[in-house]
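Colleague: What shape does this take:
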Amino acid sequence: RGARCIAYCEHPAMYPGLTDPIPVPSGMHESARMTALLAPLAIQPPSKIGFPRYVLPAEAANFARDWLASEKLEPRRYVVLGLGARRPKKQPSTQQILAWCSHFKSQWGLDTVFMWTPGRADDPLYPGDDEVARPVLERALPFVHPFRGGLREALGLIWGGIFSLFPDSGLMHFAAASPGGVLGFFAETDVSPSPAQWAPRGLRVDYLEAEKSVAELPDELVLGRVSALLSQPFSP
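Modeller: Presented below is the predicted three-dimensional model:
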């Protein structure tokens, strides 16, 4: 019931309550798309859009401290590798996950916190990633520490890690705002969100885009990007 209703719209005649329709832009990052909605109000968007920020709640930090202690892990001495895209083509394969985790340990002495979203594939609302995670868990690698839990707890662990890897998802964007930063994965962007609009933004971030599936990305490419990001100064 606002006096003005501003939105991007391809067919304004279908929405009589829309007072300020704006043509849908292409090739623009979502952060710029949102600030551009200020134009009908004669408000100039900032010349430079800042990075997203998130203040970790104390209870999340406390959970991470206790969980890491129970796993005999130290902050900044582990990588977070997560699922959560809910689309198989955006997820790394079991072989990739195992190879990356082994490399983190052998080359950099880093354990891996492996996290995923609980749920069943036959549940349309909360399909989760239990079935994708199962083959990794069955290997029972001593340097891979599984975490299957809630969002706030997951963020506590992400904030304690030296780096994160996530497919295009909400957790990817949270990780981009974390001190360690993130390498994001995109795939099949002709029918799925593109990094042109949804790439992670932050001080220590990068992404890779696969034509059809993340599983086709060479391990050397992924690990090279991780190495380059790890060499950058740690974000405050």
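
Colleague: Does residue 133 lie in a helix or a strand, and which?
Modeller: helix 130-139 (DSSP states H and E).

Colleague: Could you list the residues in contact with that helix?
Modeller: 83, 88, 91, 94, 97-98, 114, 116, 118-121, 144, 146, 148 (Cβ atoms under 8 Å, 6 or more residues apart in numbering). Yep, even glycine has a C-beta here, placed from its N, CA and C like the rest.

Colleague: cutoff 7 Å now
Modeller: Helix 130-139 has contacts (Cβ atoms under 7 Å, 6 or more residues apart in numbering) with 83, 91, 94, 97-98, 114, 116, 118-121, 144, 146.

Colleague: you'd agree residue 17 is in a helix?
Modeller: No. Assessed with DSSP: H, G, I helix; E, B strand; the rest coil, residue 17 is coil; it does not lie in a helix.

Colleague: Sort out which residues of stretch 131-142 are buried, please.
Modeller: 132, 133, 136, 141 (16 or more other Cβ atoms under 10 Å).

Colleague: Helix or strand next in line after the helix or strand hosting residue 66, which one?
Modeller: Taking DSSP H and E as the definition, one finds residue 66 inside helix 58-70. Counting by DSSP H and E, the next helix or strand C-terminal to helix 58-70 is strand 78-82.

Colleague: Excluding covalently adjacent residues, which one is nearest to residue 74?
Modeller: residue 68 (6.9 Å; Cβ to Cβ, 6 or more residues apart in numbering).

Colleague: cool, and residue 213?
Modeller: Of all residues not flanking residue 213 in the chain, residue 89 sits nearest, at 4.3 Å (Cβ to Cβ, 6+ apart).

Colleague: who touches that neighbour in this structure?
Modeller: Taking Cβ under 7 Å, 6+ apart, one finds 187, 188, 212, 213, 214 in contact with residue 89.

Colleague: Looking at these, spot the one nearest residue 55.
Modeller: residue 214 (30.7 Å; Cβ to Cβ).

Colleague: who's in contact with the closest one?
Modeller: Going by Cβ under 7 Å, 6+ apart, the list of residues near residue 214 reads 89, 90, 91, 92, 167, 185, 187.

Colleague: now residue 6
Modeller: By Cβ under 7 Å, 6+ apart, the neighbours of residue 6 are 20, 22, 37, 40.

Colleague: ok, residue 61 touching residue 156?
Modeller: Yes. With contacts counted by Cβ atoms under 7 Å, residue 61 reaches residue 156, the gap being 5.6 Å.

Colleague: So for this structure, the centremost residue is which one?
Modeller: By Cα atoms, centre = their mean, the chain has its centre lying nearest to residue 172, at 0.8 Å.

Colleague: Let's verify it: helix, strand, or coil?
Modeller: For residue 172, the assignment made with three-state DSSP gives helix.

Colleague: following the top helix by length along the chain, which helix or strand shows up next?
Modeller: The residue-count maximum for a helix in the chain (DSSP state H) belongs to helix 94-108. Later in the chain than helix 94-108, the nearest helix or strand by DSSP H and E is strand 111-116.

Colleague: quick one: that following strand to helix 94-108, angle?
Modeller: Taking axes from the mean of the first three to the mean of the last three Cα atoms, to 10 degrees, strand 111-116 and helix 94-108 form an angle of 150 degrees between their directions.

Colleague: Packing partners of strand 111-116?
Modeller: Helices and strands touching strand 111-116, by 3 or more Cβ pairs under 7 Å, 6 or more residues apart in numbering; DSSP states H and E, are strand 78-82, helix 94-108, helix 130-139, strand 144-148, helix 151-160.
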